Each structure stands twice: as C-alpha cells, then as structure tokens.
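A.B. asks: From the sequence below, what's the structure:
(one chain, ligands or ions: 1)
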Amino acid sequence: MNLKTGVTLGLMVVMGLAIISGPENDKIDFAIAIHGGAGTITRKNMTPEKESGYRSKLEEALNTGYSILEKGGLSLDAVEATIRIMEDSELFNAGKGAVFTNAGTNELDASIMDGSNLKAGAVAGVKTVKNPISAARKVMEETWHVMLSGDGADLFAKEQNLEIVDPIYFYTQRRWDSLKKIQSEKHGTVGCVALDKNGNLAAGTSTGGLTNKQWGRIGDSPIIGAGTYANNKTCAVSGTGQGEYFIRGNVAYDISAIMEYENLSVGKAARKVISKLSDLGGEGGVIAMDSHGNISMPFNTAGMYRGFRKSNSPAKILIYN
Ligand code: ASP
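C.D. replies: Have a look, this model is predicted:
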C-alpha cells in the first residue's frame, strides 16, 4: 500500500461521507497546478497571438510536471521542472523574463517547500543564476539554512554547479520598456503546486519581483509562509501579487493554518485569505492544492495566468476572471 492510499483510507474512516461525496476525491492519484502571475490581464490588453503564446507555454510547463508525476516521480521534481520551463521563457516575470529594478538591474527571488517534512529552501536577490528555483532547491538539500541572498546566494549556486549566466542574459526589451514607462506590465511571477502518487505535496515560486522595485528589495516569493508553503497535513500554496501585502498577511501559511485550525476546505481557506488580502489593500492571487488533489485558484485582480491537470484528465488553462 502506498502512502497516498494509506492517507486516503485513514481520512475516509475519520471523515466518512465527506470524502465519498467529495468531487472525485478518491479517484485522484496525483495533480499539478501552476500560475504565471496575476494582475491587470484583460481581454482588451490581449491579442490572439499573445494569448495563444501564453496558453501554449503554460500547457508545456504543466505537461512537463504532469509526466513526471505520471511516472511516479516526486512532487518536488515536478514543481522544479515545471517552474524551470517558465523561468526559461521571456513571457513570465521569472528567470529570463524578470523585470528590472529602479537601478536597471535584475534581482531574482525563488523558494521551494517539501510538504512531507516541511523542509524549505530559498534564494533572494540573485543576479546570475539562470534558474533560481533550482538554487532554492539546492539551499534546501545541501545546506542547513532556509534562505541565502545576494552575492552569497550567487556564489553558492555556482559552487553547486548550477548554470550561471552573465546578468545581460536577463535583459529583455519588453521589461526594459516597462521600466522606462513604469507601467503596470509587471505581472508574470510563476508558481507550481503538486501532489505525487505517494501523497506528498510540494510548492515553489519564482519571480523577478516588481517593476521599478527599489534595488535590494525582497518580496514574498522567497519567503516561506508568505509566497510559498507546503504541508502534507493541509495544502501546498504558491502566491503572486503585491509581495509586501503577502508578507504582512502571511498569505501562504494562513491558508494552511485556517485549514488546520478551523478545519475548512482548501477552497474556503484560500478564498478567505484572498478576501483578507483585499481588506489589507493588497492585490494578487494564489494556487492552492490539498492532499486529495482538490485545487483552488482565487485572485482579486482582473486576471491570473493559471492552469491545472489532474491524473487521467486533460490540462485546463485559464487567464481571465
Ligand atoms: N509577488 C511578487 C513580488 O512581490 C510579484 C508578483 O507576484 O507579481 O515580488
């Protein structure tokens, strides 16, 4: 009997009908969900070419993680591989497509968390690491720390033989123009949550931060409990939006805590926390998944690039509200 079956059976005894009557709860072996940022994403600002570009890259990322899970791979591997695809695309504000700071630099943040043991790793303000999500994972697995920042994090990634690039790699015309106009095309942070066949949840988030941010500024994405959280007992969460509010609201952990202490479903807990975010004045959204593969993706902005795929079902990609 694998762990997942054990967990499912255990809960069925405790929760009885709730599980049996749940939406296909007992049929889900594994699941994955992603986001590519929340913000002023409207049909009006979108062209058919742009939309299809986003849809196909989101689908490629989603299917990369899905096939890892389908073969029995770890949710952590699925999260890392999925996020790397989005980091390598210019479309998203993470890795290659990262936005610029007010000093004209690119400073990237990322984090990852393993819901089976609450281990986590993060990097903040890196300037030369091609795939910050992999550096975050190395911090988790190769050090006793949770977060490394700045030059120390860049050097650590190099010592771990991760791919290092010249900072010019992160220069893209679109993001440079965004900085010059200081306009709102700042969305595009990426995130992934996954449940593997062994019942283990994992979450990861990667970003370039906010356009025109003060250099040295660190957002919520590398902060465990703010932008990322995973715990097999409750859920896996990745957030996107105005990081300062996510930090103040402890958004990712709050969803887990509400599930644990108030015994609410992942959907109710996630919606409650997004409404608290709105009350604080913050904008953004989350993707959240519980240990049965139930997914919730609430946001309070015009749109959020997002998608999910459950075992034996086709991928679903969504953009607008
Ligand atoms: N949350 C990210 C940050 O504040 C940005 C985003 O998700 O768009 O750094």
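A.B. asks: How about the residues of this protein by the ligand?
C.D. replies: Residues of the chain found near the ligand (C-beta under 6 Å from any ligand atom) are 37, 187, 189, 207, 209-210, 219-221, 227, 240-243. For every residue, glycine as well, the C-beta is placed using N, CA and C.
A.B. asks: secondary structure class for the spatially most central residue of the chain?
C.D. replies: With distances taken as C-alpha atoms, centre = their mean, the residue of the chain nearest its centroid is G191 (1.9 Å). Following DSSP: H, G, I helix; E, B strand; the rest coil, the label given to G191 is strand.
A.B. asks: In the stretch 1-150 of the chain, which residue sits closest to the ligand?
C.D. replies: Closest approach between the stretch 1-150 of the chain and the ligand, counting by C-beta to the nearest ligand atom: G37, at 5.2 Å.
A.B. asks: To clarify, my last question referred to the stretch 51-200 of the chain.
C.D. replies: For the stretch 51-200 of the chain, C-beta to the nearest ligand atom, closest residue to the ligand: T189, 3.2 Å.
A.B. asks: Can you get me a residue count around the residue of the stretch 1-150 of the chain closest to the ligand?
C.D. replies: Number of residues near G37 (other C-beta atoms under 10 Å) recorded here: 28.
A.B. asks: so where does it fall, helix or strand?
C.D. replies: strand 31-39 (DSSP states H and E).
A.B. asks: which sections of the stretch 151-300 of the chain are below the confidence cut-off?
C.D. replies: Low-confidence segments of the stretch 151-300 of the chain, defined by pLDDT under 70, are located at 182-187.
A.B. asks: where exactly do the strands run in it?
C.D. replies: 190-195, 201-207, 228-230, 235-241, 284-290, 295-296 (DSSP state E, counting those that start in this stretch).
A.B. asks: And the strands in the stretch 1-150 of the chain, which stretches?
C.D. replies: 31-39, 108-114, 119-126, 147-149.
A.B. asks: Could you single out the most deeply buried of those?
C.D. replies: strand 108-114 (a mean of 32; mean count of other C-beta atoms under 10 Å).
A.B. asks: So what angle separates the directions of it and strand 201-207?
C.D. replies: 180 degrees (axes from the mean of the first three to the mean of the last three C-alpha atoms, to 10 degrees).
A.B. asks: Paired strands for strand 108-114, with orientation please.
C.D. replies: strand 119-126 (antiparallel), strand 201-207 (antiparallel) (DSSP bridges).
A.B. asks: Can you give the distance of it from its chain's centre?
C.D. replies: How far strand 108-114 lies from its chain's middle: 8 Å, per C-alpha atoms, centre = their mean, to the nearest Å.
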